[in-house]
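In: below are the sequence and a predicted model; questions follow.
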Amino acid sequence: MPSTINATPLALAALLFASNALAADETVVKIGVSGPLSGANAFAGKDNENGVRLAIEDLNAQKIKAGGKPLRFELVSEDDQGDPKQGVTVAQKFADAGVKFVIGPYNSGVAIPASRVYSDNGILMSTVGTNPKITQNGYPTVFRIVASDSQVGGSVASYAAKELKLKNVGVIDDRTAFGQGIAAEFKRQAKAAGMNVAGHEFTTDKATDFAAILTALKARKVDAIFFGGYAPQAAPMARQMKQLGLNVPLLGGDTLCSPEMAKLGGDAVGENVRCAQAGAILAKQTDGPAFQAKYKQRFKREPDVYAPSFYDQTMFIGQAIKTANSSDAQAVNKVLHTATHEGVVGTYSYDAAGNLKKTSVTVYTFKNGALVPLASY
């Protein structure tokens, strides 16, 4: 008995030593997430973060090695508040912390200035920001992991012309980089499709009262309104359209394709809302239902718009590290530009500018508070 008691501390010490030695032999790969974790779009920021967290858990379960050392992936998340200045501060914070892979920012207006900081520090930035300017600065470490405004805005315009047979449309944008970009693309391609743009009104991404601009568009007898902006404004806009008797479709991009839209808009959000989201229909993809089930089990809620894309790009980075046999950002960057990754919501391969070589866009509406796909382009 005495010998057993005396051996226990020694065994524990040996175990602790072995554990510390293993930890010292690990390579820690920090995956940064920059997004709005506070404010009106916090629901999206948290959803995106959850997508990355789920991928990191899956990558760690794979026991990946690079350069002969085991890797441990670690999530480092920062709140950029959807604000360009804060986004730049977050980018510098990541650089100072030695983060070499960042998923985000969510907002185009944040991604545009932050991309320079990431590029200057050799950090790979993978964003869902859709403004075309993000990938036009020649930064080789920038990736757009979804379709651009040109593709999304064009798909909505095509759907509006071909399926809804619209002739006279109004446009509203929130003056953010995202809102202006997608509204401009919709206008350009709507006109090319033969539609008349009866008016273009402006608001902000903090506004809640849209009565004046909606009344102005109603007077111009528009048969639809395209809104370049986010769900926290689009939902009350839909309610106010209903109150004003402006019973025409409310069109928009991917930011309207969110459960938050139905949650905030209530019975004012239904088949009157048509939105376009980059990517294929998740539920119809081979691994889509399994991802949805895993996400719901882990986070007790359904995935929102971009959790699958954030998951996919994080997994692609893990695959690229394994292929390169290195966690060096330059080595991984080369693989991301030459390899292809089959994700849960699509296929990822990038051109020299960091844009997806091929991506589909799906138009959705709402039925009983849930997104229902209508057409893919």
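Out: Yes, it's here.
In: how many residues are close by the residue lying closest to Gly122 once chain neighbours are set aside?
Out: Nearest residue to Gly122, sequence neighbours excluded (CB to CB, 6 or more residues apart in numbering): Ala329, at 5.3 Å. The way it works is simple: take the backbone N, C-alpha and C, and place the C-beta from them, glycine included. Ala329 has 18 neighbouring residues, counting by other CB atoms under 10 Å.
In: is it true that Ile64 touches Gly318?
Out: Yes - the pair Ile64 / Gly318 is scored as a contact, 6.4 Å apart, by CB atoms under 8 Å.
In: more neighbours: those two, which one.
Out: Neighbours were counted for Ile64 and for Gly318 using other CB under 10 Å; Gly318 has more, 26 against 19.
In: so who does that one touch?
Out: 55, 59, 62, 64, 73 (CB atoms under 8 Å, 6 or more residues apart in numbering).
In: neighbours around the third one, how many?
Out: Using other CB under 10 Å, Gln62 has 13 other residues around it.
In: just the pLDDT for the closest residue to it other than its chain neighbours.
Out: Excluding the flanking residues, the one nearest Gln62 by CB to CB, 6+ apart is Gly318, at 7.4 Å. For Gly318, the model assigns a pLDDT of 98.
In: likewise for the one 4 residues further on?
Out: We note a pLDDT of 97 for Lys322 in this prediction.
In: next: Thr8.
Out: So Thr8 comes in at 58 (pLDDT).
In: wait, isn't Phe178 in contact with Thr127?
Out: No - using CB under 8 Å as the test, Phe178 is too far from Thr127 to be in contact (11.1 Å).
In: which helices and strands sit right next to the lengthiest strand in the chain?
Out: Determined from DSSP state E, the single longest strand within the chain is strand 69-79. Secondary-structure packing of strand 69-79 (3 or more CB pairs under 8 Å, 6 or more residues apart in numbering; DSSP states H and E): helix 2-25, strand 27-35, helix 42-61, helix 84-96.
In: next structured bit after the last one?
Out: Using DSSP states H and E, the helix or strand that follows helix 84-96 in sequence is strand 101-103.
In: counting contacts, what elements does that next one pack onto?
Out: strand 27-35, strand 124-127, helix 307-324.
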